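Undergrad: the sequence isn't on hand, but the structure is:
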Ligand SMILES: Nc1ncnc2c1ncn2[C@@H]1O[C@H](COP(=O)(O)OP(=O)(O)OP(=O)(O)O)[C@@H](O)[C@H]1O
């Protein structure tokens with residue numbers, strides 16, 4: 001079995017009356033890209049801050065790269081990289097100045113430092129922009145600079161908090177290619193997101209809601225194990241049909257996608273297509289088909305209104 005480099009057991013973080021993280025267990029293997037998927041405020045940043053040693057848990061155990069947190073946080077610092085949610089670089093410094101500033105936080109020898117900066121400028125396509133102010137760069141360019149800065153110390157584990165919230169789909173794709181290069185070279189990556197397409201790229205992910213882990217597994221495994229059938233209905237008067245479906249006990253949710261309704265039906269229904277067709281309001285002209293689940297279906301089934 002591959003080594004677990006992040007291990008948490010019974011992790012709790014309480015802010016006054018609010019339990020931001022509630023009894024979280026976590027195991028992340030070396031080289032894995034592990035995602036935290038969840039809505040705003042579900043506790044993703046709080047979890048990352050505890051796993052990097054920046055925030056003390058209320059209770060629970062954390063072991064990262066064999067070190068116990070928060071006790072050994074200082075020993076761990078040089079082995080981690082952390083790209084925070086907000087743009088954490090200096091807008092009024094150039095690309096080069098920002099990288100030099102970050103490099104000064106680590107014990108580089110002078111020549112080593114320049115070599116590493118040159119390497120990063122090249123890898124992240126920034127060599128033509130060394131003298132550009134970070135504040136004048138596009139969202140995608142800034143994100144590349146932030147990533148270069150986060151990996152300047154060649155971290156064993158890289159934490160990324162909603163890294164692609166300000167970039168377009170092409171930049172997001174390119175960014176993920178870079179993450180797979182890092183993962184392939186042995187870097188473990190923990191990334192938070194609320195985008196389904198991003199979560200789907202992870203080797204493994206945890207779905208978080210109100211600080212609680214609702215599901216954990218590879219995207220494929222989560223879709224296979226989902227506790228619901230997915231049915232698509234094409235026909236007239238979809239808005240009215242949606243309202244009627246919402247009143248049926250075995251229907252978890254119904255949502256409109258273009259001209260069709262995508263309906264989640266509880267797993268204990270044997271034949272979901274027949275089940276829909278047998279409803280009194282179902283019209284013969286409607287096309288009802290069983291379809292493969294998506295990660296969004298998994299998310300809806302195990303969170304919010306899906307949890308009945
Ligand atoms: N220092 C703090 N003091 C009090 N409450 C806090 C503190 N930090 C976070 N919280 C609360 O804990 C909950 C989880 O916040 P957190 O930032 O971890 O969520 P998140 O999933 O990262 O959200 P987002 O996607 O919006 O960043 C929120 O309700 C937040 O208001």
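TA: Noted; the coordinates are in hand. Because the structure is a prediction, the values reported are computed rather than measured.
Undergrad: for the stretch 151-300 of the chain, what spans make up the helices?
TA: For the stretch 151-300 of the chain, applying DSSP state H, counting those that start in this stretch gives helices covering 169-184, 196-199, 219-224, 238-246, 272-277, 295-302.
Undergrad: closest to residue 35 out of the ones you listed?
TA: Ranking these by distance to residue 35, with Cβ to Cβ as the measure, places helix 196-199 first at 4.9 Å. Using the backbone N, CA and C atoms, a C-beta is placed for each residue, glycine as well.
Undergrad: check the offset of that closest one from the chain's centre.
TA: 7 Å (Cα atoms, centre = their mean, to the nearest Å).
Undergrad: quick one: buried residues of stretch 164-178?
TA: Within stretch 164-178, the residues that qualify as buried are 164, 167, 171-172, 175-176, 178, counting by 16 or more other Cβ atoms under 10 Å.
Undergrad: what's the farthest-apart pair in those?
TA: Going by Cβ to Cβ, the pair spanning those furthest: 167 and 178, at 12.2 Å.
Undergrad: got the residues of this structure near the ligand?
TA: Residues of the chain lying close to the ligand by Cβ under 6 Å from any ligand atom are 15, 18, 20, 38, 40-46, 85.
Undergrad: if we go to 5 Å?
TA: Selection of the chain residues close to the ligand by Cβ under 5 Å from any ligand atom yields 15, 20, 40-46.
Undergrad: identify the farthest-apart pair in the residues you listed.
TA: 15 and 40 (15.6 Å).
Undergrad: show me where the stretch 101-250 of the chain has strands.
TA: In the stretch 101-250 of the chain, the segments counted as strands under DSSP state E, counting those that start in this stretch are 157-161, 188-193, 204-209, 212-217, 228-234.
Undergrad: want to throw those into TSV with mean pLDDT and mean neighbour count?
TA: Shown next, in TSV, are those (pLDDT from 0 to 100; neighbours: other Cβ atoms under 10 Å):
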stretch	mean pLDDT	mean neighbour count
strand 157-161	96	23
strand 188-193	96	25
strand 204-209	96	23
strand 212-217	95	18
strand 228-234	94	20
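Undergrad: can I get the ones you listed in a markdown table including distance to residue 60?
TA: Listed next are the strands of the stretch 101-250 of the chain as a markdown table, based on distance: least, Cβ to Cβ, whole Å:
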| stretch | distance to residue 60 |
| --- | --- |
| strand 157-161 | 18 |
| strand 188-193 | 17 |
| strand 204-209 | 15 |
| strand 212-217 | 13 |
| strand 228-234 | 31 |
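Undergrad: how about the helices in the stretch 1-150 of the chain?
TA: 44-51, 73-76, 95-103, 110-123, 139-150.
Undergrad: tell me which of the ones you listed is the most buried.
TA: Mean neighbours per residue, mean count of other Cβ atoms under 10 Å, is largest over the helices of the stretch 1-150 of the chain for helix 44-51, with a mean of 23.
Undergrad: who touches the one helix or strand in the chain whose mean pLDDT sits lowest?
TA: Least confident helix or strand of the chain, by mean pLDDT, DSSP states H and E, is helix 238-246 with a mean of 87. By Cβ atoms under 8 Å, 6 or more residues apart in numbering, the residues outside helix 238-246 that reach it are 233, 235, 251, 254-256, 259-261, 263, 279, 281, 286.
Undergrad: pull out the buried members of those residues.
TA: 233, 235, 251, 254, 260-261, 263, 286.
Undergrad: identify the farthest-apart pair in those.
TA: Put simply, by Cβ to Cβ the two of the buried ones among the contacts of helix 238-246 set farthest apart are 235 and 251, 16.2 Å from each other.
Undergrad: follow-up on the earlier one: closest to residue 109 among the contacts of helix 238-246?
TA: Using Cβ to Cβ, these come closest to residue 109 at residue 255, 57.0 Å.
Undergrad: in the sheet, who's paired with the closest residue to that closest one other than its chain neighbours?
TA: Spatial nearest neighbour of residue 255, excluding adjacent residues (Cβ to Cβ, 6 or more residues apart in numbering): residue 262 at 5.4 Å. Beta-bridge partners for residue 262, by DSSP bridges, are residue 232, residue 255.
Undergrad: can you count the residues close to residue 262?
TA: Other residues lying near residue 262 total 20 when counted by other Cβ atoms under 10 Å.
Undergrad: quick one: low-confidence parts of the stretch 1-150 of the chain?
TA: By pLDDT under 70, the low-scoring segments of the stretch 1-150 of the chain are 1-2, 87.
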